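Participant: how would this look folded up:
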Amino acid sequence: MNLRMSLIFAALVVLAALVVPTTADKVDDLIHDLKFGTQEVREGAASALGEIGDPRAVDPLIETFQDEDRWVRASASRALGNIGEDAVDPLIEALKDENSEARSEAASALGDISDLRALDPLIYALQDEDKWVRSRAAWALGNIGDPIAVDPLIDALKDENEDVRSLAAWALGRIGEHAVDPLIEALRDENEWVRSSASEALGHVGDPRVVDPLIDALQDEHWQVRIKAADALGEIGDARAVDPLIDTLKDEDSGVRAQAAQSLGYIGDPGAVDPLIDALQDGNMLVRFVAALALDRIGEHAVDPLIEALKDESQEVRWRAAIALGTIGDARAVDPLIETLKSDVWRVRAVAAASLGEIGDPRAVDPLIDALKDEDSGVRSRAAWALYDIGDARAVDPLIETLQDENEWIRLAAISTLGNIGDPRAIEALTEALKDDVEGVRLMASNALEKIQTGQWPLPSSHFYSTSSFNRLKRSWGFSSGSF
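Facilitator: A predicted model of the protein is given here:
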């Protein structure tokens, strides 16, 4: 080793010696706070130890399961879940603790870690004398998801406590198809939360045998069971559920009606179009909103009612109807969407602009050019991107003016659209945009100039010109293609 390497090695050794005690001191200080601090300090110390993940914190965190404050206990449980496999054996041992709260938190932490070593101890914990330990053990077994737990969880469906039965049903749904018959039987449980969990679980299992029992559950006396049954039937997607779900659009509970509408959209049967059109007149805004979503999925049969929904008193329904019309892409919606650009709600105007871009009809060009002067920057931005999608040269001069917009995102959209249109009239303005204060705008101007000169974008995978304005809008507001 030469002198230079020797000096570097020595420096690293010194640095290591300096760093390790610092980390050790921090862990020691947090363990001290965990034992002797106030409630807030103990809770914060537990969280911090979980983030650090040092195995030395395992035993002190498990001792905290005896803490009088449940928030401290819960924080310690989450921390041990973050630490992971180093905590498994001590947590298994804690399942035998004489304190029931310690056993309960140990089961929760083992569920978070989901290590197979905990499988048998958690199955044994299903027989614990304390209902919270049994319920947490059921939850943990569902998280682990091993079929070995199916029979013990089926037995837990007969537990005297409804929370244990409910979480056992949930866990069986996570594990899968092996528990169909017991879960169908659980649909007749005396407790509504157990029946609700069983309905949800059967939806996850997806076996054709569960469709008829779930249809029966649409008549359950409790609304939460009916909602879960409707949701499960939509998840399964069996055509046998269409007529019963249509009937459920008349349920007395608005949440049940909304869930029935959503599930009909997932199934996608054209026979649901007329009932969903009727649901656009429901007295509850949420039901009307979800009915518009469902009609979006079913397609062209829904165009006329969705156009009518653009006049709904609820801005949420108008907004979602405009999105649906963009998804369907039928030219019949062009004039109504142009009219919607005059809405007094900016979000509705913005989505109308984006949907016009998605449809791509030249009739929308002049109204979208006018929208480049909208008072709201979100509308101006969506109008610029919509003109990108249409690609009409009539927009060149107005877009050049938009390069003076105070909002950098609108300037960026206008530059990208000018590049996509490819008209040489934009070259001078784009060259000037190379001096923009914002680096991203300057980069886009450079790319747009290259596009005009070569006919190809230099970065074809770019976020800005690899997707339509409509999909950019849906993504920015939390929608994905084909989703609710």
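
Participant: which stretches in the stretch 351-484 of the chain count as helices?
Facilitator: For the stretch 351-484 of the chain, the helices defined by DSSP state H, counting those that start in this stretch occupy 365-371, 377-390, 396-402, 408-421, 427-433, 439-454, 469-476.

Participant: among these, which comes closest to residue 143?
Facilitator: helix 469-476 (30.3 Å; C-beta to C-beta). C-beta here means a position set from N, CA and C on the backbone, and glycine is covered the same way.

Participant: now do the closest one, average pLDDT.
Facilitator: For helix 469-476, mean pLDDT is 46.

Participant: isn't residue 441 right up against residue 434?
Facilitator: No. The criterion here is C-beta atoms under 8 Å, and residue 441 misses it with residue 434 at 9.1 Å.

Participant: picking up where we left off before, same list, the helices of the stretch 351-484 of the chain, but as JSON lines with distance to residue 287 and mean neighbour count please.
Facilitator: Formatted as JSON lines, the helices of the stretch 351-484 of the chain follow (distance: least, C-beta to C-beta, whole Å; neighbours: other C-beta atoms under 10 Å):
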{"stretch": "helix 365-371", "distance to residue 287": "31", "mean neighbour count": "20"}
{"stretch": "helix 377-390", "distance to residue 287": "27", "mean neighbour count": "27"}
{"stretch": "helix 396-402", "distance to residue 287": "40", "mean neighbour count": "19"}
{"stretch": "helix 408-421", "distance to residue 287": "35", "mean neighbour count": "25"}
{"stretch": "helix 427-433", "distance to residue 287": "48", "mean neighbour count": "17"}
{"stretch": "helix 439-454", "distance to residue 287": "42", "mean neighbour count": "18"}
{"stretch": "helix 469-476", "distance to residue 287": "22", "mean neighbour count": "21"}
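
Participant: can you put those helices in TSV and add distance to residue 353?
Facilitator: Shown next, in TSV, are these (distance: least, C-beta to C-beta, whole Å):
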stretch	distance to residue 353
helix 365-371	5
helix 377-390	4
helix 396-402	14
helix 408-421	11
helix 427-433	22
helix 439-454	20
helix 469-476	8
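
Participant: ok, which of those helices comes nearest residue 271?
Facilitator: Closest to residue 271 of these, according to C-beta to C-beta: helix 469-476, at 27.2 Å.

Participant: could you list the low-pLDDT ranges of the stretch 51-200 of the chain?
Facilitator: Across the stretch 51-200 of the chain, the ranges flagged by pLDDT under 70 are 177.

Participant: need the helices for it, in chain order.
Facilitator: According to DSSP H, counting those that start in this stretch, the stretch 51-200 of the chain carries its helices in the segments 58-63, 70-83, 88-94, 100-113, 119-125, 131-144, 150-156, 162-175, 180-186, 192-205.

Participant: any chance of CSV for those, columns mean neighbour count and distance to residue 301?
Facilitator: Shown next, in CSV, are these (neighbours: other C-beta atoms under 10 Å; distance: least, C-beta to C-beta, whole Å):
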stretch, mean neighbour count, distance to residue 301
helix 58-63, 19, 58
helix 70-83, 22, 48
helix 88-94, 20, 55
helix 100-113, 25, 46
helix 119-125, 20, 50
helix 131-144, 25, 40
helix 150-156, 20, 43
helix 162-175, 25, 34
helix 180-186, 20, 35
helix 192-205, 25, 26
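
Participant: and residue 295, which of those helices is closest to it?
Facilitator: Nearest of the helices of the stretch 51-200 of the chain (C-beta to C-beta): helix 192-205, 22.6 Å.

Participant: lowest average pLDDT across the helices of the stretch 351-484 of the chain?
Facilitator: Sorting those by mean pLDDT places helix 469-476 lowest, at a mean of 46.

Participant: where do the helices of the stretch 201-350 of the chain begin and end?
Facilitator: Taking DSSP H, counting those that start in this stretch, the helices of the stretch 201-350 of the chain run over residues 211-217, 223-236, 242-248, 254-267, 273-279, 285-298, 303-309, 315-328, 334-340, 346-359.

Participant: looking at these, which is buried most?
Facilitator: helix 346-359 (a mean of 27; mean count of other C-beta atoms under 10 Å).

Participant: then that helix to CSV, C-alphas only?
Facilitator: Listed next in CSV are the C-alpha coordinates belonging to helix 346-359 (Å, rounded to 0.1, in the frame of the first residue of the first chain):
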residue,chain,number,x,y,z
TRP,A,346,-62.7,26.7,-13.4
ARG,A,347,-62.3,23.0,-12.8
VAL,A,348,-65.2,22.3,-15.1
ARG,A,349,-63.8,24.7,-17.7
ALA,A,350,-60.4,23.0,-17.5
VAL,A,351,-61.7,19.4,-17.9
ALA,A,352,-64.0,20.6,-20.8
ALA,A,353,-60.9,22.0,-22.5
ALA,A,354,-58.9,18.7,-21.9
SER,A,355,-61.8,16.6,-23.2
LEU,A,356,-62.1,18.7,-26.4
GLY,A,357,-58.4,18.0,-27.0
GLU,A,358,-59.0,14.3,-26.5
ILE,A,359,-61.9,14.3,-29.0
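
Participant: run through the neighbouring helices and strands of that helix.
Facilitator: Applying 3 or more C-beta pairs under 8 Å, 6 or more residues apart in numbering; DSSP states H and E, we find helix 346-359 packed against helix 315-328, helix 334-340, helix 365-371, helix 377-390, helix 469-476.

Participant: mind putting those into CSV with distance to residue 251?
Facilitator: Output for the helices and strands packed on helix 346-359, formatted as CSV (distance: least, C-beta to C-beta, whole Å):
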stretch, distance to residue 251
helix 315-328, 19
helix 334-340, 31
helix 365-371, 41
helix 377-390, 37
helix 469-476, 29
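
Participant: indicate which one of those is closest to residue 51.
Facilitator: With C-beta to C-beta as the measure, helix 469-476 is the member of these nearest residue 51 (30.7 Å).

Participant: so for residue 445, which of the helices of the stretch 51-200 of the chain sits nearest?
Facilitator: Minimum separation from residue 445 across those (C-beta to C-beta) falls at helix 70-83, 46.0 Å.

Participant: residue 51 contacts residue 82, correct?
Facilitator: Yes. Using C-beta under 8 Å, residue 51 is in contact with residue 82, at 6.8 Å.
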